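*Asks:* Here is a sequence together with a model predicted from it:
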Amino acid sequence: MVTPNDIVVKKKTSSGLDFYKKRKLARYIGNSYVYIILGIIYLPIILIIIYSFSSGPGFSNFSFSMSNITELFTASTSDSRRMITALEHTLFVGIISSLLATLLGTVGAIGIFGMRKKSRNILLNASNVPIFNADIIIALSLMLFFTALSIPKNAQTVILAHTAVTMPYVMLSVLPRLKQMNMSVYEAALDLGATPLFAIAKIIVPEVLPGMISGFVLAFTLSIDDFVIAEYTRSNSYETLSTYIYTQAAGKEGLSGALKPLSALIFLTVLAILIAYNIRKNLKTKNLQLKK
């Protein structure tokens, strides 16, 4: 004889099974989505790494050869020499603009943090415009600005443009660190006779240094990755890696064979840095847990 309690137990059991089935299905769908996205991103990179060891500029008829790698490291052709020069320009612009953006962004973050709430919100909203605005609008505006002031387009204009665009990202990286720190230490230093600049250098800068480093890395990544702003603010003779790739892809000669091992080398370098950073971070976390 089936009692009402048995019916309730069966309903609970069936609902529990349905819940776990739905949860398993959701986990399966989520994992499939992640694998598909990772495949779309990483499969082309794996192909580039594989075909770095193939002769010829294309992706057909794989034939093992070290010619592309040799061309990259010896710069034996005019295209490879032009590509290396573009890479040097890219690194130069990225480092200088990132340093300037980190310096100006940190100063701006400290200044905004010390303002009243209303003024702070106004300036924060104004500084966030380059982040949400389209790159083509910013690039066109900067090009017209340099033209109106009769400033010749060269490496300096690209550096100034990248500094202006990446500076808000540094500010957003530094501001959370300022909100977390204890400002009474800074005020105590002023009461003890320290000048504002000395107190900022000795107290605030060490506290926000992780945010400054994160902002520098982000600014450097954005600068290297940029094409639109560099294209509109450079001269015809000054190429970055992105503008060189665009010019080669649009031309009749096609991409240089040395570009594949260079792309693979950049990817592997970034991957090695990320792995080393994560290992160092995990070791620090474990050491802190052991001390506790």
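*Replies:* Received the coordinates, thanks.

*Asks:* In the chain, where is pLDDT below threshold?
*Replies:* Filtered on pLDDT under 70, the chain yields the residue ranges 1-22, 56-60, 251-254, 292.

*Asks:* go again using 50 as the cut-off
*Replies:* Applying pLDDT under 50 to the chain flags the ranges 2, 6-12.

*Asks:* Need phi/psi at Phe64.
*Replies:* Backbone dihedrals for Phe64, given as degrees, to the nearest 10, come out at phi -60, psi 130.

*Asks:* tell me the contacts of it?
*Replies:* By CB atoms under 8 Å, 6 or more residues apart in numbering, Phe64 lies in contact with Phe53, Ser54, Ser55. In short, each C-beta sits where N, CA and C put it, glycine included.

*Asks:* Can you list phi and psi of the first one for me?
*Replies:* What that stands for is Phe53. The phi/psi pair for Phe53 (degrees, to the nearest 10) reads phi -100, psi 30.

*Asks:* Excluding chain neighbours, what is closest to it?
*Replies:* Nearest non-adjacent residue to Phe53, counting by CB to CB, 6 or more residues apart in numbering: Phe64, 5.7 Å away.

*Asks:* now swap in the second one and tell me
*Replies:* Ranked by CB to CB, 6+ apart and with sequence neighbours excluded, the top spatial neighbour of Ser54 is Phe62, at 4.8 Å.

*Asks:* Does that neighbour belong to a helix, a strand or coil?
*Replies:* Here Phe62 is coil, with the state taken from DSSP: H, G, I helix; E, B strand; the rest coil.

*Asks:* so how far is Val165 from Phe216?
*Replies:* Counting by CB to CB, to the nearest Å, the separation of Phe216 from Val165 is 14 Å.

*Asks:* Check Phe227 too.
*Replies:* In this structure, Phe227 and Val165 are 12 Å apart, going by CB to CB.

*Asks:* Those two - which one has more neighbours?
*Replies:* Taking other CB atoms under 10 Å, Phe227 and Val165 do not tie; Val165 has more neighbours (23 against 15).

*Asks:* dump the residue contacts of the more buried one.
*Replies:* Taking CB under 8 Å, 6+ apart, one finds Pro130, Asp135, Ile138, Leu222, Asp226, Ile229 in contact with Val165.

*Asks:* Now list the buried members of the residues you listed.
*Replies:* Buried by 16 or more other CB atoms under 10 Å: Pro130, Ile138, Leu222, Asp226, Ile229, out of the contacts of Val165.

*Asks:* In space, what's closest to the third one - neighbours in sequence excluded?
*Replies:* Translated: Leu222. Per CB to CB, 6+ apart, closest to Leu222 is Thr166, 5.2 Å.

*Asks:* Wait, the one you found touches Gly94, no?
*Replies:* No: Thr166 is beyond contact range of Gly94, at 9.5 Å (criterion: CB atoms under 8 Å).

*Asks:* okay, and the common contacts of the two?
*Replies:* Taking CB under 8 Å, 6+ apart as the contact rule, Thr166 and Gly94 both touch Ser223.

*Asks:* So the two - more neighbours on which side?
*Replies:* Neighbours per residue, other CB under 10 Å: of Thr166 and Gly94, the larger number sits with Thr166, 29 against 23.

*Asks:* Which stretches in the protein count as helices?
*Replies:* Taking DSSP state H, the helices of the chain run over residues 4-51, 67-74, 78-113, 117-127, 129-132, 135-148, 155-180, 183-191, 196-199, 205-225, 228-233, 241-250, 259-291.

*Asks:* one step back: what's the residue nearest to Leu222 in contact with, if anything?
*Replies:* Each residue near Thr166 by CB under 8 Å, 6+ apart is listed here: Ser97, Ser98, Ala101, Gly105, Leu218, Ala219, Leu222, Ser223.

*Asks:* quick one: the second one from Lys202, how far?
*Replies:* Using CB to CB, Ser98 is found at 24 Å from Lys202.

*Asks:* the more surrounded of the two?
*Replies:* Between Ser98 and Lys202, Ser98 has the larger neighbour count (other CB under 10 Å), namely 27 against 13.

*Asks:* what's near enough to touch the more buried one?
*Replies:* For Ser98, the contact set (CB under 8 Å, 6+ apart) comprises Thr166, Phe216, Ala219, Phe220, Ser223.
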